[in-house]
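In: Return atomic coordinates for the entry below.
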Amino acid sequence: SPRLHERRVRTEASLAAAAAGVAGLFATCTVAGAVYGLVPAPLALAGALATGAAATALALRWKAPGIAALGTVGALLAPALVGAMPTGTGVAMLAIATASATAVVVWQRWTWLAFAAYGIAAPQWLAWILLEQPAPLASVAVLVVFGALAAAAAVGFELRQAEPGLRISSAVLLTLNALVLAYAGWAVLSEEVSHPAGHLWLGALAAAYAAVGLGAVRLRRVSHELGLTALALAAVLANVTFASVVDGLPVVAGWVAAGVGFAVLLRRAARPGDAELAQAVLGGQLLLALGHALVLDAPAETMRAGDATPEAMLALALVAAGCGVSARLAADRDGWGAGSRVVLDGLAMTVLAYLTALAVEGPALTAAFAAQAVVFGAIA
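Out: Model prediction:
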């Protein structure tokens, strides 16, 4: 079929034949090595690697979606179709096919292939690590390999050709990859090894996304917004990691401190996109802290004046102080700064009023509200 295609003879038929041959060779290598054991596993993997290299070369040389659709996608489905999943050899075959698909995605910029490859491969390797429960190191290796391939497919669009703005498909794939890796890593490591291993995985994943984001914002070929998306995902993963390690009042304190830090970044942001990221994460941090305080530390349905614990009152005080300080730090930003000050100050006053109602009652509460009104009026 390559000879026919190169000579422009029956081009469509040659493409179909090549695609069918690629999928068939992958299936042959998989069933011979992983299912029946007719050939040693290393030899079967070598054959799959050679087949993947040939499929990648043909798809790139011919710029043929048919090869990608029938050959590459068929190769991704081969381990499941021939009964090699879930096995370690089948996962290795799947990794080779995924790497081949990723190379085609990066070079040809076919968005549909990126999502097709992820949608076909992810359920297979997830089933292996969640159902078969292999050794922890094997699970981590699978998570790292497939996670790196998905990130390469997402960022590789921009590496081939500079993008003026954010590609929604890249952001969606990067986000989906983060969610799947976080869930799978925590589910496997927190049960199979020990609780700290799950914390370490979440922290390492947050650090990896932070590294991707920092590297992307420094590369001119990669859209600045995609780097900011990776940094935002790193912030979300860091919040989840922090909440999984500590409990109670330290969670509120940490989230408030992170919010104040992003208020500082907002003040110093040089680009509109940087300011929007800092704004979003600042609001998210303070809302997380407020939600934790109102739901877990000082829920309204169980709190009455005089019954609030010191921890509950301190949690509310931290949220109010964080909102007030963040308003002072972020208020100099042109455009958004004025609105942010109003929103953050209003949130701080609301939380402070709730805190006051928990601390005192009767005439003392009236006097406290009046005093607060005088102070706020003087500040205004």
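In: contacts and neighbour counts: CA atoms only from here.
Out: Will do.
In: quick one: secondary structure of A300?
Out: Secondary structure state of A300, per DSSP: H, G, I helix; E, B strand; the rest coil, is coil.
In: Now do the contacts for the residue nearest the centre of the chain.
Out: Residue closest to the average C-alpha location in the chain (C-alpha atoms, centre = their mean): A178, at 2.5 Å. Residues near A178 by C-alpha atoms under 8 Å, 6 or more residues apart in numbering: L205, L233.
In: host element of it?
Out: Taking DSSP states H and E as the definition, A178 sits inside helix 168-192.
In: L266 too?
Out: Element membership for L266 (DSSP H and E) is helix 249-268.
In: Would you map the helices across the stretch 201-350 of the chain?
Out: 224-245, 249-268, 272-292, 310-330, 336-359 (DSSP state H, counting those that start in this stretch).
In: ok, and for the shortest one, which residues are buried?
Out: So the one you mean is helix 249-268. For helix 249-268, the buried set under the neighbour-count rule, 16 or more other C-alpha atoms under 10 Å, comprises 249, 251-260, 262-268.
In: now the third one
Out: Applying a neighbour-count criterion of 16+ other C-alpha under 10 Å, the buried positions in helix 272-292 are 274-275, 277-279, 281-292.
In: ok, now the longest one?
Out: Residues 337, 340-341, 344-349, 351-353, 355-359 are the ones in helix 336-359 that count as buried (16+ other C-alpha under 10 Å).
In: Tabulate the helices of the stretch 201-350 of the chain (TSV), appending distance to L131 and mean pLDDT.
Out: Below are the helices of the stretch 201-350 of the chain laid out as TSV (distance: least, C-alpha to C-alpha, whole Å; pLDDT from 0 to 100):
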stretch	distance to L131	mean pLDDT
helix 224-245	24	87
helix 249-268	33	86
helix 272-292	33	81
helix 310-330	41	88
helix 336-359	46	82
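In: possible to save these as JSON lines with distance to A92?
Out: Output for these, formatted as JSON lines (distance: least, C-alpha to C-alpha, whole Å):
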{"stretch": "helix 224-245", "distance to A92": "28"}
{"stretch": "helix 249-268", "distance to A92": "40"}
{"stretch": "helix 272-292", "distance to A92": "38"}
{"stretch": "helix 310-330", "distance to A92": "49"}
{"stretch": "helix 336-359", "distance to A92": "50"}
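In: so which of those comes closest to V104?
Out: Distance to V104, taken as C-alpha to C-alpha, is lowest for helix 224-245 among the helices of the stretch 201-350 of the chain, at 20.7 Å.
In: Any chance you could give me the closest one in CSV, C-alpha atoms only?
Out: C-alpha atoms of helix 224-245 as CSV (Å, rounded to 0.1, in the frame of the first residue of the first chain):
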residue,chain,number,x,y,z
HIS,A,224,0.4,32.8,27.6
GLU,A,225,-3.2,31.8,28.6
LEU,A,226,-2.4,28.1,28.4
GLY,A,227,0.5,28.6,30.9
LEU,A,228,-1.9,30.5,33.2
THR,A,229,-4.4,27.6,32.9
ALA,A,230,-1.7,25.1,34.1
LEU,A,231,-0.8,27.5,37.0
ALA,A,232,-4.5,27.7,38.0
LEU,A,233,-4.8,23.9,38.0
ALA,A,234,-1.6,23.8,40.1
ALA,A,235,-3.3,26.1,42.6
VAL,A,236,-6.4,23.9,42.7
LEU,A,237,-4.3,20.8,43.3
ALA,A,238,-2.3,22.5,45.9
ASN,A,239,-5.5,23.4,47.8
VAL,A,240,-6.6,19.8,47.6
THR,A,241,-3.3,18.6,48.9
PHE,A,242,-3.2,21.1,51.7
ALA,A,243,-6.7,20.1,52.8
SER,A,244,-5.8,16.4,52.7
VAL,A,245,-2.8,16.9,55.0
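In: Number the chain from 20, please
Out: Will do, 20 is the new start, and the previous item becomes helix 243-264.
In: what's that helix packed up against?
Out: If contacts are counted by 3 or more C-alpha pairs under 8 Å, 6 or more residues apart in numbering; DSSP states H and E, helix 243-264 sits against helix 187-211, helix 214-237, helix 268-287, helix 291-311.
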